[in-house]
Structure formats: C-alpha cells, structure tokens
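Q: Got a predicted model here, sequence first, then my questions.
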Amino acid sequence: MLKQVLEIIDILDDARVNGQKVKEFLSKRGLDDILVEEVKGEVGKTDFVKIVVKGTRGKLSGGDAPTLGIIGRLGGIGARPEMIGYVSDGDGAAAALSVALKLADMNSKGDFLDGDVIIATHICPDAPTEPHDPVPFMGSPVDMQMMNKMEVDPRMDAILSIDTTKGNRIVNQRGFAITPTIKDGYILKISDSLLDIMQIVTGKLPVVLPITMQDITPYGNGIFHINSLVQPCTATTSPVVGVAITAETAVPGCATGASHEVDIELAARFALEVAKNFGRKICKFYDEKEWEIITRLYGSMEHLKTLEGKR
C-alpha cells in the first residue's frame, strides 16, 4: 500500500488542500459515495470526509456481513502559519484515506470485500497547537464532541481508530501499536484476532499500547488523556480499538518532517486486513460470552462515556 500512502500524502501536503479536493481525487479513482461537510469552530474550520465502500455481502446491499469503521483521528494535517508543511499529527488521516484509495484500486481490479467499510476523517491544513506534556499537541478547530458526531457512524459494527501517538514515553519503538478493545466503559481483553493479523502484517511480535481509565473518558473533563486515539469509544456502543502510529522518542504532533511513510503504510495495511477478515466474520474484536458475564457480574460502566460521570 506504499503507493497509495505516497499519493495521499502528496494530496494532503498542500496549504490549500480541503475536503473537496480529496473527494475529487478519490472520485477519479472510482469511489462514488463520499460526503464532505465543512464545520466551523471557535478557532477555525475543517472539512469532514466520510467514504463508504460497499462490500459484496454488506448491509448496504441487503447482506449480513458486518461493517467496519476506520477513523483517521487527528487535530489537523497542518499547523499553518506556525509550522510550514504537513505535520506528524496528520498520519491518522493519511492512513485512513490510504485504505480508501487502496479499496478503490482493488475494486477496479476485481477484488471486493465482503462487508461494507466506512472511512471517516477530517482535513484541516491550519489547525492550532496546544501545550501538552512531554511535547506539544495539535489542537483542532472543532471540539471532540463534534469530531465524534461527524466521524462515528451508527452503521459501524466495530471501529479502528488510527492516530499518531508519538507524544509519550509509553511505547518506544517505530511502527504501530494496538490498544485493548474498549466497549461501553470497559477495557476488555486484547483481541487475539487482531494480534494475529498484526503479526502477519508486520512480520514481528505484536505491540500493545496501554490504555488507562482516563483515556476512555471524554475530552473536556479535566483529566489527562494520552491523546484522542480512543475517544470514539465515548460515542458508540460498538467495540473500539486504537491503532497508534508510534516512534522511539517523544515527537510533537505539530512537528514537520516527522512522518514515516512506511509506518503509515503498516497501519493502513493492518486496517485493510482487519476489514477483509471482519467482513467474513473471522475476526472478532471481543468475546461475546465473556462480555455477557462481565456485564452481568459488574453492571454497566457507560457512565464513563459521559462528561458528568456517575451521580
């Protein structure tokens, strides 16, 4: 998928890029279900892009194959005028859009997935920055609630959320890591299916990003979050797994020249392979029987998905 990644980054690394330009590019490659919507916030605007790629047995065609959501999570692909060029934080968008482009190219060559795939991200070349420890974060022109509203689709039966996760000292290696599955306030067992796919895609032992209770609570509650990687879990009942693009050192999200195309490609190729297997019902994000037991024993944890918490 390196070819698709290079093409997408070439589109995104542009001071004048917007959602419409991305749509036009993908449309020329054969994708016809693309929604672009501009949303304005207090410190700017961004274009949300949602792409639907139908599967041969997908629900949108009357089938029963489950639908995978792939969210490219980020603050912005650029921090102009403070920083010149494409920033590290844009890698989540690049990976998600690369999956869309690869699916388009596959379809044109006669290969189709079983299940539908819904890909969502946003395009902002001039997002703000904000302080964060140990390195500065990218901000966003819109708040997290709006991001979730625009990117989390109720048709998604499971979600992979891809985000640059380099501003920490938790995972100290180049490539990508996955999180445990998160569902309705529970941090569940790491999916064996996803670990298997990760090993096959990378040719290496899998890497897991630790996720804490703080990380699965909504932004805006005054609690520390590693980043917005798993924030979609606060806006859905579907299982969510974060796909974190990582580095050996702590790299600011607003840094330019810090993106590694081969790492973006690994994350995107992983997401594509998950989509293939999930649509065929041979990849599970969590164990349904164990979910029934844990919720019966310990009750609902959905208050962790709310800003007000448990009263």
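A: Now that the structure is in, tell me what you want to look at.

Q: Pass me the low-pLDDT residue ranges in the stretch 201-311 of the chain, would you?
A: Applying pLDDT under 70 to the stretch 201-311 of the chain picks out residues 311.

Q: now the helices for it?
A: Shown for the stretch 201-311 of the chain, the helices assigned by DSSP state H, counting those that start in this stretch span residues 261-279, 288-298.

Q: which residues of this structure fall in strands?
A: Using DSSP state E, the strands of the chain run over 34-41, 44-53, 68-72, 117-123, 129-130, 137-138, 158-164, 175-178, 182-183, 186-187, 240-246.

Q: Would you mind listing the buried residues in the longest one?
A: With burial defined by 16 or more other C-beta atoms under 10 Å, the residues of strand 44-53 counted as buried are 44, 46-53. Every C-beta, even on glycine, is put in place using the N, C-alpha and C of the backbone.

Q: And for stretch 147-167?
A: 147-148, 150-153, 156-167.

Q: Span of that stretch from start to end?
A: Using C-alpha to C-alpha, to the nearest Å, the end-to-end distance of stretch 147-167 comes to 21 Å.

Q: how far is that stretch from where the chain is centred?
A: 5 Å (C-alpha atoms, centre = their mean, to the nearest Å).

Q: And stretch 179-195, by the same measure?
A: Stretch 179-195 sits 15 Å away from the centroid of its parent chain (C-alpha atoms, centre = their mean).

Q: re the thing from before, turn the strands of the chain into CSV, including distance to residue 95.
A: Formatted as CSV, the strands of the chain follow (distance: least, C-beta to C-beta, whole Å):
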stretch, distance to residue 95
strand 34-41, 17
strand 44-53, 13
strand 68-72, 6
strand 117-123, 9
strand 129-130, 21
strand 137-138, 16
strand 158-164, 5
strand 175-178, 9
strand 182-183, 19
strand 186-187, 23
strand 240-246, 7
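
Q: Looking at the ones you listed, which is nearest to residue 25?
A: Among those, the nearest to residue 25 by C-beta to C-beta is strand 34-41 (10.0 Å).

Q: Each with direction, which strands does the closest one pair with?
A: Strand partners for strand 34-41, identified by DSSP bridges, are recorded as strand 44-53 (antiparallel).

Q: May I see the buried residues of strand 44-53 organised as TSV, with distance to residue 185 and pLDDT added?
A: Formatted as TSV, these follow (distance: C-beta to C-beta, whole Å; pLDDT from 0 to 100):
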residue	distance to residue 185	pLDDT
44	32	92
46	28	97
47	31	98
48	26	98
49	29	98
50	26	98
51	29	98
52	28	98
53	30	98
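
Q: Out of those, which is nearest to residue 71?
A: residue 50 (9.9 Å).

Q: residues in contact with that closest one?
A: Contacts here follow C-beta atoms under 8 Å, 6 or more residues apart in numbering; on that basis residue 50 touches 34-35, 118-120, 150-151, 153.
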